[in-house]
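[1] Just to be clear, the model below is a prediction. Sequence and coordinates:
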2 protein chains.
Amino acid sequence: MTDVVDRPAGQAGRSAGRDQQPAGGTTAVDVAALGEQLLGKWADIRRHSRQLSGRPELHKTEGLTHTEHRKRAFGQLRYLVENGAVHRAFPASLGGSDDHGGNIAGFEELVTADPSLQIKAGVQWGLFGSAVLHLGTAEHHAKWLPGIMNMDIPGCFAMTETGHGSDVASIATTATFDPAAQEFVLNTPVRAAWKDYIGNAAIDGLGAVVFAQLVTNGVNHGVHAFYVDLRDPETKDFLPGIGGEDDGVKGGLNGIDNGRLHFSNVRIPRTNLLNRYGNVDADGTYTSPISSPGRRFFTMLGTLVQGRVSLDGAAVAASKLALKTAIQYATERRQFNASSHTEEEVLLDYQRHQRRLFTRLATTYAAGFAHEQLLQKFDDVFSGAHDTDEDRQDLETLAAALKPLSTWHALDTLQECREACGGAGFLIENRFASLRADLDVYVTFEGDNTVLLQLVAKRLLADYAKEFRSLDVGVLARYVVSQAAGAAVHRTGLRQVAQFMADTGSVQKAAIALRDEDTQRLLLTDRVQTMIAEVGGALKGTNRLPQQQAAALFNQHQHELIEAAQAHAELLQWEAFTEALANVNDPGTKRVLTWLRDLFGLSLIEKNLSWYLMNGRLSMQRGRTVGEYINRLLVKIRPHALDLVDAFGYGPEHVRAAIATGAERTRQDEARAYFRSQRADGKAPVDEKVLLAKQAAAKASRR
Amino acid sequence: MTDVVDRPAGQAGRSAGRDQQPAGGTTAVDVAALGEQLLGKWADIRRHSRQLSGRPELHKTEGLTHTEHRKRAFGQLRYLVENGAVHRAFPASLGGSDDHGGNIAGFEELVTADPSLQIKAGVQWGLFGSAVLHLGTAEHHAKWLPGIMNMDIPGCFAMTETGHGSDVASIATTATFDPAAQEFVLNTPVRAAWKDYIGNAAIDGLGAVVFAQLVTNGVNHGVHAFYVDLRDPETKDFLPGIGGEDDGVKGGLNGIDNGRLHFSNVRIPRTNLLNRYGNVDADGTYTSPISSPGRRFFTMLGTLVQGRVSLDGAAVAASKLALKTAIQYATERRQFNASSHTEEEVLLDYQRHQRRLFTRLATTYAAGFAHEQLLQKFDDVFSGAHDTDEDRQDLETLAAALKPLSTWHALDTLQECREACGGAGFLIENRFASLRADLDVYVTFEGDNTVLLQLVAKRLLADYAKEFRSLDVGVLARYVVSQAAGAAVHRTGLRQVAQFMADTGSVQKAAIALRDEDTQRLLLTDRVQTMIAEVGGALKGTNRLPQQQAAALFNQHQHELIEAAQAHAELLQWEAFTEALANVNDPGTKRVLTWLRDLFGLSLIEKNLSWYLMNGRLSMQRGRTVGEYINRLLVKIRPHALDLVDAFGYGPEHVRAAIATGAERTRQDEARAYFRSQRADGKAPVDEKVLLAKQAAAKASRR
């Protein structure tokens, strides 16, 4: 699966000193073995999905109108059905394979074909079908899943409203039970309660799972899911009482027909309530296996986590594509001749270019390894292997932590790679701009990144409070010590720093310490713990305050909380990278990946260096070594950069960028050959500057 | 010109406590007066251009194919001609008004209509026409400018080649003089020498200014500009020897037909050399008023600076549009009810939301004030008022410093604003995504931002070296002192910090110090000086090293150099903001703008806090006050946020975002009124949670 482009024969797979770079001693990356490791637990499914994603039928056609693009994407969903690509999560009894992790792994790879296709498939099977599967019961499965699976029923997941996105509990659509008719009556009370941004709503959706406040016998039992027929399958007209609007052109993902929906006294049978977690009897009595309305709500919403998991993986895949193209190009492209009059430098030999691309390469590896852990956790829960409440909470928190970082990282990487390729990067034929536009919304949908990080922060605070409550002496001591250390620093500062500086002695020793895995872990862990302990301390007793004061106090620490959650997520990525290193057998590969992990860890420390300095965790002296050490790592990684992106295993059928085909090398070789031969033949015109220099010299010698 | 949307009558212009926010005491912004100040020296031209840009004829139509968009943009150029919008920089003798600054001011405002229209106008008059004007002589002006001005000759500025973008001196197209025919012969020797990314090249261009190596009598006199007819005006076919390709769809700016061009023995009259800075006589003798080939090259390229100046201004304008929409929306949009059970919070009351938007608002003001200074400098040089070599160099450096920051800032701001508006931000009807896609290339064209910052760094290094050479004792002392202080810190560190800490005494005092204008200036200036002195010291003696070693040494400091250049540019922005404060008369406005300037200054210090700590410029204690002080500034600025974006003076005809029309407020008001009336009528169903709580209470009371 490795993409061997423009490489001398015999160097595929294993190579040192690629693209005429100084070899890193005898160190070399085993590209094939690393590639296999990166494919992870569901390697075969990924391979199958990549094979499919590489087919032209599924590729995004650039320059289409959104109307044309929607038609193409719709057709591609049927193609996925025909090729058995999208039923893995469904029950074996209905032709699926009950494989939740594998389903997501396969789904993620579709992003290389066209993110619109991917997300439209996600709407149909990951949201619409999945809601029927997870929130419905056997009767619902039998009735609707076959049509959903084979695309006879294209459908919507109608949860978000114009007025409520992140705060799902506050949606205003109602489903009121009418016992006389044995029906629920759906209503949209105000404009803000229109369903909005709903995929498949503008054109294609025949059915929908609509989320609404379930009201029966005068009681609102909170948000539940209802199966609703939207359109006449023949005429495609909305059914009576249903209306809507097209969301029109979007910043990206224009293969999906997002739209708005509203309901006026729309009647559906009582049995259309997807009643796994809440049922209404014929007489209107509400029952639920989960007595707490809060827990019931979060359980129902829990099925949404697979969206976050899959976006995390898709974002990593897009980052890999971008880096493959930009690094390949940077090994071929030449600009400016700093070190000689005739030979121009390869872009990737510039320090700044290395910094721009390698730091993001390191983060991509970290995010990829972290994603693999998330996916395994997801599979454990959804397969039922490890499915306790705590497991589900851990999964939720892990997804809420990783999805924001990986999706932001993808946008940042796509943009940096596009800029690193200059004007060529802006051409759609090189795909950065197209992928970036499509992935833009990944940072706010399926959980707004900023909101998700706050969920993580709240979990961290709760854990912190819990650890205190349970009086685990060891843990308490750890927290108290770090808090006390922090407090000491704020008051006296110097002692702490002096101690650290005494520890280090010399710049060289300081760098060695930072290279140490345990030092990196200590620094990253300590920061999360201390930040949470600090905010926890500041918020202590909040629950005894009047609601408004408590909210105000919480708000005063919102920025810190989000920063702490991000630090936690970064630590998770670092730990995942470090754990993955343990599974690398080839010593050369291990060495290079360790440099890359160090680059990731040191980049995090550099980004937050002021924190480490202000809190006495690093001396000024040691702080100054961070940047220098990063620069040394860049030089070490340079000869292996191409191997590290080739190990991603994407072929030309996935990369599909004009500048990643070796075309630039061909152009550069042709140009250099031309000028060399001109110089050799003496045919080149004399440069005026050279002439003037000669004349000046002649003049001087006559004197 | 202020945009008064959804504001209670009588509050326009001057208002405190807007959108039901707690008023900032008696502090209020005089929106009209501030708006006038922001319009700057060329206020009338800006007003005229905004009036034009507000017309539907010039607005971008979203969702067009690139073919349709190109046609629309082409037609719009004629509309600009008919409305006298684009000839200000041309000679009065030809119907222009010799107004260089005004021309750019008017041009910048076009970005609100459609960036494609703006850049296509820039290609036609700012590059193609401007090259004929500035590089040609009277005969050329008479022959071609009228047709260029009135769009009879749509044309290209054919400089960049596939193989050479930033390094213009190395382009490979040749123009060899043939004395027998009295013609230049243009040739594209290799594929890498094709002209690429050239606006108007794919479809519309009839003529072009082609940059090529001028060769005569066997000597290459470097890059010169040649006027070349490209296409038959009737058939639109390429003339013999000329070929090309369409660059196709791009990440944005799809109203412009960028393309590639190549030349095979294309013959043009000798007099088609635009010969202001270099001439070839009939016998092939080359003469130039500028004897140094290097200086001649930079003089010719100097005309390019106006592109950079105008992109700087356009980027600021786009940032203003984005912030107007996002801040307006954030004052209306409500989500989550943290402080009460019934009323949701307005987004702009969340601390993180304030941080996301106000820090960018502050930077936008800083970039706007800095741009006004750049534009004045530009006008001084191009009008001839202050046109020494030094003036031109200063202008080049200023443009090279500011354009990278403002264009990156625009992308960052457009993205943050889009995310701050959630799913609505992703809809094209709200324009963030569209503007961001179009402005993307602003960061790499007309000078790649990374390359420009290196030019700035080299200038700073040269100044540093010069100051040493000239032995100006005061300056030398300053450099030596700051260098020594830096060195002392690296070696001993503690003394310096201890001193700073002794200076401050208390947290409160530290915050007061940071609020102080002189302290901010000192910190920002010191950082630039020290960074440059450090790199200067490290690079000392580079010119005595062999070229390869010197290049390697330079490369080892490339990252630092770029960081130093950025710090310098940020200081320029801060100084411009501070100078502008002196021109504010209204005390309320001055107070609010001072908070905003402080927010800008403190954000810069926070971003680089690790540097200040590592180098002993700030104590750990004082460092910890920076974030707290920023949070306090956010709260102070909050009530004035809407005034600060309204002062930009863009009306609904420029903003054109569905969520900036007050529609969200209407929706929120309708929803709140609905729920209030439901509660008042007792019609609302009882919440299950409330019911359970009551039942639990009843049960407890029975016990």
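    In hand now; what should we look at?
[2] Could you use CA atoms for every contact and neighbour count after this?
    Noted.
[3] from memory A:Lys403 sits against A:Ala314, does it?
    No - counting by Cα atoms under 8 Å, A:Lys403 does not reach A:Ala314; the two are 9.9 Å apart.
[4] okay, those two: which has more neighbours?
    Taking A:Lys403 and A:Ala314 together and counting by other Cα atoms under 10 Å in any protein chain shown, A:Lys403 has the greater number of neighbours (33 against 30).
[5] gap between that one and chain B?
    To chain B, A:Lys403 is 15 Å away according to Cα to the nearest Cα, to the nearest Å.
[6] now the strands for the stretch 601-703 of chain A?
    Taking DSSP state E, counting those that start in this stretch to define them, one finds strands in the stretch 601-703 of chain A at A:686-687.
[7] Show me which residues of it are close to chain B?
    Residues of the stretch 601-703 of chain A lying near chain B by Cα under 8 Å from any Cα of the partner chain: A:608-611, A:613-615, A:619-621, A:623-624, A:631, A:667-668, A:670-671, A:674, A:685-689.
[8] Please pick the buried ones from the residues you listed.
    Buried residues within those, counting neighbours by 16 or more other Cα atoms under 10 Å in any protein chain shown: A:608-611, A:613-615, A:619-621, A:623-624, A:631, A:667-668, A:670-671, A:685-689.
[9] Flag the shaky bits of the stretch 351-500 of chain A, pLDDT-wise.
    Filtered on pLDDT under 70, the stretch 351-500 of chain A yields the residue ranges A:467-500.
[10] follow-up on the earlier one: which of the residues of the stretch 601-703 of chain A next to chain B fall within helices?
    Among those, the members falling in helices are A:609-611, A:613-614, A:620-621, A:623-624, A:631, A:667-668, A:670-671, A:674, A:688-689 (criterion: DSSP state H).
[11] how about A:Lys41, what does it touch?
    Contacts for A:Lys41 were tallied using Cα atoms under 8 Å, 6 or more residues apart in numbering or on different chains; they are A:Glu372.
[12] Which of the helices or strands spans A:Gly222?
    Under the criterion DSSP states H and E, the helix or strand holding A:Gly222 is strand A:219-229.
[13] From the chain's centroid, how far away is that strand?
    Computed by Cα atoms, centre = their mean, to the nearest Å, the separation of strand A:219-229 from the middle of its chain amounts to 31 Å.
[14] near chain B, anything from that strand?
    Yes - using Cα under 8 Å from any Cα, strand A:219-229 reaches chain B at A:Val219, A:Asn220, A:His221, A:Gly222.
[15] ends of stretch A:60-67, how far apart?
    Across stretch A:60-67, the terminal residues are separated by 14 Å (Cα to Cα, to the nearest Å).
[16] Quick check: the gap between whatever residue of the stretch 251-400 of chain A ends up closest to chain B and B:Ala462.
    Nearest residue of the stretch 251-400 of chain A to chain B, counting by Cα to the nearest Cα: A:Ser339, 4.3 Å away. To B:Ala462, A:Ser339 is 20 Å away according to Cα to Cα.
[17] now A:Ala330
    Taking Cα to Cα, one finds A:Ala330 at 29 Å from B:Ala462.
[18] Please name the spatially closest residue to the residue in the stretch 51-200 of chain A positioned nearest to chain B (chain neighbours excluded).
    Relative to chain B, the nearest point of the stretch 51-200 of chain A is A:Ala192 (5.5 Å; Cα to the nearest Cα). Excluding the flanking residues, the one nearest A:Ala192 by Cα to Cα, 6 or more residues apart in numbering or on different chains is A:Gly163, at 4.4 Å.
[19] tell me the pLDDT at the one you found?
    With respect to pLDDT, A:Gly163 scores 96.
[20] Which residues are in contact with it?
    A:Gly163 makes contact with A:Ile171, A:Ala192, A:Ala193, A:Trp194, B:Arg667, B:Gln668, according to Cα under 8 Å, 6+ apart.
[21] Just to check, the last one is in contact with B:Arg333?
    Yes - using Cα under 8 Å, B:Gln668 is in contact with B:Arg333, at 7.1 Å.
[22] all helices of the stretch 451-600 of chain A, in order?
    Using DSSP state H, counting those that start in this stretch, the helices found in the stretch 451-600 of chain A span residues A:473-491, A:494-504, A:507-515, A:517-538, A:547-556, A:558-581, A:587-607.
[23] whoops, I mixed them up, the stretch 301-450 of chain A
    According to DSSP H, counting those that start in this stretch, the helices that the stretch 301-450 of chain A contains are A:305-332, A:351-382, A:389-420, A:422-426, A:432-439, A:449-469.
[24] Relative to B:Gly199, which of those is closest?
    Taking Cα to Cα, helix A:422-426 is the member of the helices of the stretch 301-450 of chain A nearest to B:Gly199, at 12.2 Å.
[25] gap between that closest one and the chain center?
    On the basis of Cα atoms, centre = their mean, helix A:422-426 sits 24 Å off its chain's mean C-alpha point.
[26] what's it packed up against?
    Packing partners of helix A:422-426 (3 or more Cα pairs under 8 Å, 6 or more residues apart in numbering or on different chains; DSSP states H and E): helix A:389-420, helix A:432-439.
[27] repeat that with 10 Å
    helix A:389-420, helix A:432-439, strand B:195-198 (3 or more Cα pairs under 10 Å, 6 or more residues apart in numbering or on different chains; DSSP states H and E).
[28] for those, which one ends up most surrounded?
    Across these, the average number of neighbours (mean count of other Cα atoms under 10 Å in any protein chain shown) peaks for strand B:195-198, which reaches a mean of 28.
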